[in-house]
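>>> From the sequence below, what's the structure:
(4 chains)
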Number of protein chains: 2
Amino acid sequence: MNKTRPGTRNRGRPKVRPQALAGQAPAARETPAEKENRIHGAIVDGVMEQRLKPGTKLPEAALCELFGVGRSLVQKVLQRLAHDHIVELRPNRSAIVAMPSREEVGKLFEARRALEEAVLPLVAEHATRADYASLRRQLRKEHAAMHRYAQTEWAGLASAFHLRLGELSRNPMLQRYLSELISRCSLVVALFQPPGNATCEHDEHERVVDCLEKGDVRGARREMDRHLRDLEAHIQLVEEDTNLSLADMLGLAAGP
Amino acid sequence: MNKTRPGTRNRGRPKVRPQALAGQAPAARETPAEKENRIHGAIVDGVMEQRLKPGTKLPEAALCELFGVGRSLVQKVLQRLAHDHIVELRPNRSAIVAMPSREEVGKLFEARRALEEAVLPLVAEHATRADYASLRRQLRKEHAAMHRYAQTEWAGLASAFHLRLGELSRNPMLQRYLSELISRCSLVVALFQPPGNATCEHDEHERVVDCLEKGDVRGARREMDRHLRDLEAHIQLVEEDTNLSLADMLGLAAGP
DNA sequence: TCCGTATTTTTTGTCGACAATTAATGGTTT
DNA sequence: AAACCATTAATTGTCGACAAAAAATACGGA
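This next block holds a predicted model:
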């Protein structure tokens, strides 16, 4: 089901380029946690910016060389990524970038709607006037980016809005779950959305804030639900294959 | 090598008893995943049944000997437990059983209420008559256990009810989040509830099912909210220290 | 006796080595 | 050629070794 072209064998598969990490040398003294976050972040960024497409193999040895660390660390990071559903971890096989099925995507958005709505009452309960002001400021930036056609930036700001709502719930657990779902959603949105075909949401975010500020939680939930269904409706499935090197996908290409 | 003789300066701290794992010998051929689950399960059980109290240190070396595995596996399991917030992982220190603060407990229950209510509409949407029947059957068992004063069994069945609702939502992500929150709640409930002082919930679970079956989602949510607030209200904070051995806490005491 | 410091012991962080498993290759037969 | 099986190569699973960090202990002076 995966192999769309049965005839082609091992063509331009992602290969390691050992000198790639020279450009991104690790900082002077790095704490263990920083090391781990550097690797984790590099992979997450690669996935989010579509350099690492779903199904790409991530062999431990390659990552070790690219980041200049041992396998223990790489394994720990992969473990973490697997828990966030960013990579898929199969026994005795290379880890691969997660490729959610259409059904999973449906469930994913369903879960996100449920959680995002569940968070709104808490936001309304805790948010101060200053919080709303900062939300509005953020929305202005978002609008600006959209009209500048700065797509990646806009995408980032758009999910930042939802993440901020998670913060404003003042509940660490719900916030964490929500961020997880939002990340996964941006992943599939980025994935299934050919560049240039951005969902041009008018001001659905604004409407949510309007309702919240009026104290109309019910209305806010309704708007949010609509907004998220809109988002889901605009994605479409495409699958392809490139032959970039793994180092390139990770943004670790050697400098000039 | 390791000390084989009882410590001369043993102040009753949890210590390792190497022969303890003889009673719980690993099965003939164990797949890697099974191995991992065995360890994970043993610790989870230990925590859930209050043998492992919050703050108990879990040194890697001790766990290695107890379960007869290397440190890699133990580390992986600890990592996983940390992600579930069952243990706390501090850099360069032993992992300890998680000890949630009072505030965290509050937020925890808040999150659980939010999620548990968010799940109910989906349950109402997907559940068949057969599902409700099986729910009722489970409730009868629960009742029976309560009237038999089988506390641990009852506690297990009670959370099984909530877990079942998670299943019936037919949404893997929400189900996972909910299980996580439920586990943590049972942890603190078990923790803060002196044995014998069980919360005697009358039939709050039944009422939720009643509403669901009538299609009254709103009412179900109200009942669930009340039920969970009741539960939270009955816990109280106590902290103490025992001097059982780690092997005992893990239920790995030597056989006959 | 109490407190701050030096030393020893315990414990984790990280790595490479070897075994086990899976994928890739090559050769043989139909 | 295509399918099948044996062999080789690539990759993960698991472990113990060593170094670094923290804790526990021992020591010396006020």
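
>>> rest of the way, CA atoms for contacts and neighbours
OK.

>>> List of residues touching stretch A:93-106?
A:47, A:52-60, A:78, A:85-89, A:188 (C-alpha atoms under 8 Å, 6 or more residues apart in numbering or on different chains).

>>> Let me know the average pLDDT across the helix or strand residue A:116 falls within.
If you go by DSSP states H and E, residue A:116 is part of helix A:102-126. Averaged over helix A:102-126, pLDDT sits at 95.

>>> Ok, stretch A:226-238 next?
Per-residue scores along stretch A:226-238 average to 81.

>>> so residue A:92 sits in a helix?
No: counting by DSSP: H, G, I helix; E, B strand; the rest coil, residue A:92 is not part of a helix but coil.

>>> Measure how buried it is and give me the count.
6 (other C-alpha atoms under 10 Å in any protein chain shown).

>>> can you check residue A:55 too?
Neighbours of residue A:55 (other C-alpha under 10 Å): 17.

>>> Could you report the pLDDT at it?
If you check residue A:55, the pLDDT there is 88.

>>> Now do the phi/psi pair for it.
Main-chain dihedrals, residue A:55, degrees, to the nearest 10: phi 90, psi -10.

>>> For residue B:170, see how far away the spatially most central residue of chain A is.
Nearest residue to the geometric centre of chain A (C-alpha atoms, centre = their mean): residue A:183, 3.6 Å. For residue A:183, the distance to residue B:170 equals 21 Å [C-alpha to C-alpha, to the nearest Å].

>>> Get me the contact residues on chain A for chain B.
A:76, A:107-108, A:110-111, A:114-115, A:118-119, A:171-174, A:177 (C-alpha under 8 Å from any C-alpha of the partner chain).

>>> Dump the residues you listed into TSV; add distance to DNA strand C as well.
Output for the residues of chain A next to chain B, formatted as TSV (distance: C-alpha to the nearest atom of the strand, whole Å):
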residue	distance to DNA strand C
A:76	8
A:107	28
A:108	27
A:110	32
A:111	32
A:114	36
A:115	33
A:118	36
A:119	34
A:171	27
A:172	23
A:173	23
A:174	27
A:177	25
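
>>> host element of the residue nearest to the centre of chain A?
helix A:172-192.

>>> what do you get for residue A:61?
Counting by DSSP H and E, residue A:61 is part of helix A:60-67.

>>> How about the residues of chain A by DNA strand C?
Residues of chain A that fall close to DNA strand C, judged by C-alpha under 7 Å from any atom of the strand: A:10, A:31-33, A:35, A:68-73, A:91-93.

>>> Narrow the residues you listed to just the buried residues.
Buried residues within the residues of chain A next to DNA strand C, counting neighbours by 16 or more other C-alpha atoms under 10 Å in any protein chain shown: A:35, A:73.

>>> Grab the nearest non-local neighbour of residue A:122.
Of all residues not flanking residue A:122 in the chain, residue A:169 sits nearest, at 5.0 Å (C-alpha to C-alpha, 6 or more residues apart in numbering or on different chains).

>>> I'd like to know how many residues surround residue A:137.
Counted with other C-alpha under 10 Å, residue A:137 comes out at 11.

>>> tell me which element it is part of?
helix A:129-147.

>>> which other helices and strands contact that helix?
With contacts taken as 3 or more C-alpha pairs under 8 Å, 6 or more residues apart in numbering or on different chains; DSSP states H and E, helix A:129-147 sits against helix A:151-168, helix A:204-214.

>>> All good on my end, thank you.
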